[in-house]
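In: sequence first, then the predicted structure:
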Amino acid sequence: MRKGQTVPPTSERTRTRGAPLSLGDRLFAGSATGAGVLILLVLAGVAAFLVAEAWPALTASEDEIPGGEGLVLYIWPLLLGTLLSATLALLMAAPLAVAIALFVTHYAPRRLAAPLGYIIDLLAAVPSIIYGLWGFSVLAPQTVSPSGWLAENLGWIPFFAGPASSTGRTMLTAAIVLAVMILPIITAVIREAFLQTPRLHEEASWALGATRWEMIRLSVLPFGRSSMIGGSMLGLGRALGETMAVAIVLSVSADAFSFNLISSSNVATIAANIALKFPESSGVAVNVLIASGLVLFVVTLLVNMGARAVINRRREFSGAN
Amino acid sequence: MTSLTKTPTPQDLPAVSDVPLTHGSLPRRAAPLTLLGSVLAGLLLFVLDWSPAWCALLAAAGYTLTVYLWSRRVEGSRKATDRVVTAIVTSAFLLALLPLVSVLITVVGKGLARFDATFFTNSMRGVVGEGGGVHHAIMGTLIITGLAALISVPVGILTAIYLVEYGRGRLARYITFFVDVMTGIPSIVAGLFAYALFELFYGPGVRMGIMGAVALSVLMIPIVVRATEEMLKLVPNELREAAFALAVPKWLTILKVVLPTALAGIATGVTLAIARVIGETAPLLIAVGITTGDNFDPFDGRMATLSVFSYYEYVSPGVPPEPSLDRAWSAAFLLIIIVMALNLVARLVSRLFAPKTRA
């Protein structure tokens, strides 16, 4: 062997990389990777196509936009309406979800825990259109007299300024329906975390003579804190994008946003507005709706990424493993 | 030892009888009896023609207050708080059951009106007022959901295989994260995506069944990935190693060992994913629209689907509105039956075909 010539690789190198891949292996690994990459492409595609279709609305003159005041002023009240209804729904659903998760994991008999959790999951199985019909025909009439009372007695609070709607198709009703719809997902996340509370923490509390509530406050709730936050944010994301229930329940007649929860003139949410207007729209109006959908997409994306980041951080640092 | 010899004088200590070694506690039947009492009081109010909501609320509040005061007097404030929290947590659970029960009762009650033969065999072509059926919408829903499953099941399962069996490093982390994020895409945005995609090729105003299938698969893929991933992770590593030891190539190991082991779980996950998207309305409203007649070709124009049919019958009824509303509720009922049946099937599959883990 001449000096300077590189030694041909010994079998050492090939052995660490395994036997040469067969055709089947390469095909299989390739298609699996391809599927994974496809998902990333789809997500990028969603953003790209929405931007492409929203572009004409961004460049259109103010008169062409429905409402005649430009794109920003068209979307802004809708965005506020979306945020208002979703926040309200979250305020109602989050405490309830914590209580339900506690009931299922720490109060109900152990044997019943799984079936009870399943019943709550059934709430998520009901299609949104059915929640819409239910909210419209059952829930809305029930809210008429309470909201009348609210308008009469608490009218000085801007939320209840009135005049109260006579159909009950108010922001409040929509928020209640949304709260019911997001309850299962928040409960599921929190329940998962509560079940993972280290057994030793709980038993240490019991050993110190804590009552059940003290045990929960000292060991279960602190452990589940980031899951409560993350689950709530996931629920918020759901509520932001929920369409049909709001489109059916809410009576939409106003162009300006207001905090009034019990009147019959409301601005729509972004999603509901798209569902209501899209089938009959053409030309730039379609592009405007897609632009509003893009805004919704970005908002929910941010909320969901935040939620996942919070939940995943708990996984890494919880010490439960 | 001197310190021990100094015993406290009797004056330093309270009399033995004054220091209870045990706490007082409510009689065992106290809580159930109070509950019974509040329920009876609630029923009395109900008989006196109060609204059910108020009766339930007052009964719950009455129970909580009575138990709190009683327990506080006998057992002290810590136990009293504990009892109150128990009451609150339990009522929260019952409160959550309320909408579920109410929805089911409403849908069953109103939906039965049109469960007749015509409803399942006819379409809406030329129907004004009474009559008409949803045959076209049932077929549309099945075709579009089937196509969506056809797209998302292979992609979803392959992605899960990548994540569990192959994925290392940054790409796998990105995919996991974005699959999670993708579960949160609003359904209407998925519909807009399908519309925007197809508009580029077919021009404005395009509506096709396949667009609905694409929109639904955007929603369905992440669910399938998650479910499959969970199941593949449960497959014991020993099985893989045993196959490798017999010199079975990796792809064959996955195909013949890993997937069959996890098959029941994957089938459950796929069924649940189908149940989740079959009731979707918003994306189909955008991408597929509605039609009155039979159209079973997903590549040619508008199709009818159960959910969108129900929506349109409800928001734009004819004159008189009753026949339309009946059809809307019956379609909704049919939808809920399908969804619940799929959920049930998923449960059964996971129970019946799960690999026996116990030796």
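Out: Thanks, I have it.
In: which residue would be the closest one in the stretch 1-150 of chain A to chain B?
Out: A:P127 (2.6 Å; C-beta to the nearest C-beta). For the C-beta atoms, the positions are set from N, CA and C on the backbone; glycine is no exception.
In: isn't that residue right next to B:L335, touching?
Out: Yes - contact status for A:P127 versus B:L335: in contact at 5.6 Å, counting by C-beta atoms under 8 Å.
In: the more surrounded of these two?
Out: B:L335 (28 against 25; other C-beta atoms under 10 Å in any protein chain shown).
In: quick check: phi and psi at the residue nearest to the more buried one when sequence neighbours are not counted.
Out: The shortest distance from B:L335 to any residue other than its chain neighbours is 5.0 Å, reached at B:L306 (C-beta to C-beta, 6 or more residues apart in numbering or on different chains). With angles defined as degrees, to the nearest 10, B:L306 sits at phi -60, psi -50.
In: ditto for A:N266
Out: phi -120, psi 160.
In: so B:D297, which of the three states?
Out: coil (DSSP: H, G, I helix; E, B strand; the rest coil).
In: er, B:L26 I mean
Out: coil.
In: also A:S31?
Out: Of the three states, A:S31 takes helix under three-state DSSP.
In: thought it was touching B:L158?
Out: Yes - the criterion here is C-beta under 8 Å, and A:S31 meets it with B:L158 at 5.7 Å.
In: neighbour count: those two, which is higher?
Out: More crowded of A:S31 and B:L158, by other C-beta under 10 Å: B:L158, with 22 against 17.
In: contact partners for the nearest residue to the residue of the stretch 1-150 of chain A closest to chain B once chain neighbours are set aside?
Out: Nearest residue to A:P127 in three dimensions, chain neighbours excluded: B:G279, at 2.6 Å (C-beta to C-beta, 6+ apart). If a contact means C-beta atoms under 8 Å, 6 or more residues apart in numbering or on different chains, then B:G279 has A:V126, A:P127, A:S128, A:I129, A:I130, B:S307, B:L335, B:I336, B:I338, B:V339 as its contacts.
In: how about a markdown table for those residues, with secondary structure, distance to A:L221 and pLDDT added?
Out: Putting the contacts of B:G279 into a markdown table (DSSP: H, G, I helix; E, B strand; the rest coil; distance: C-beta to C-beta, whole Å; pLDDT from 0 to 100) gives the following:
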| residue | secondary structure | distance to A:L221 | pLDDT |
| --- | --- | --- | --- |
| A:V126 | coil | 30 | 90 |
| A:P127 | coil | 34 | 92 |
| A:S128 | helix | 31 | 91 |
| A:I129 | helix | 36 | 93 |
| A:I130 | helix | 34 | 93 |
| B:S307 | helix | 39 | 94 |
| B:L335 | helix | 39 | 93 |
| B:I336 | helix | 36 | 92 |
| B:I338 | helix | 39 | 94 |
| B:V339 | helix | 34 | 93 |
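In: need the longest helix for chain B.
Out: Longest helix in chain B, counting residues (DSSP state H): helix B:77-111.
In: and it, does that touch chain A?
Out: Yes - for helix B:77-111, a contact with chain A is found by C-beta under 8 Å from any C-beta of the partner chain, at B:78-79, B:81-82, B:85-86, B:88-90, B:92-93, B:95-97, B:99-100, B:102-103, B:106-107, B:110.
In: try stretch B:295-305
Out: No - Stretch B:295-305 is not in contact with chain A by C-beta under 8 Å from any C-beta; minimum separation 10.4 Å.
In: give me the nearest residue to whatever residue of the stretch 51-200 of chain B ends up closest to chain A, chain neighbours excluded.
Out: The nearest approach of the stretch 51-200 of chain B to chain A comes at B:P186, 2.3 Å away (C-beta to the nearest C-beta). Nearest residue to B:P186, sequence neighbours excluded (C-beta to C-beta, 6+ apart): A:G241, at 2.3 Å.
In: give me the neighbour count for the one you found.
Out: When counting by other C-beta under 10 Å, one arrives at 27 neighbours for A:G241.
In: against A:N266, how distant is it?
Out: 18 Å (C-beta to C-beta, to the nearest Å).
In: state the mean pLDDT of stretch A:72-82.
Out: Regarding stretch A:72-82, the rounded mean pLDDT is 91.
In: buried ones in it?
Out: For stretch A:72-82, the buried set under the neighbour-count rule, 16 or more other C-beta atoms under 10 Å in any protein chain shown, comprises A:Y74, A:I75, A:P77, A:L78, A:L79, A:L80, A:G81, A:T82.
In: which element is the last one on?
Out: Same thing as A:T82. A:T82 belongs to helix A:71-102 when assigned by DSSP states H and E.
In: next, the angle from that helix to helix B:77-111.
Out: Relative orientation of helix A:71-102 versus helix B:77-111 (axes from the mean of the first three to the mean of the last three C-alpha atoms, to 10 degrees): 120 degrees.
In: what residues does the helix or strand that helix A:71-102 is followed by touch?
Out: Scanning forward in sequence from helix A:71-102 by DSSP H and E, the next helix or strand is helix A:110-125. If you take C-beta under 8 Å, 6+ apart as the criterion, helix A:110-125 is touched by A:100, A:103-105, A:108, A:180-181, A:183-185, A:187-188, A:191, B:93, B:96-97, B:99-100, B:275-276, B:339-340, B:343.
In: quick one on the thing from earlier: my guess is the residue of the stretch 51-200 of chain B closest to chain A meets A:L236, correct?
Out: No - checked against C-beta under 8 Å, the pair B:P186 and A:L236 is beyond contact range at 11.9 Å.
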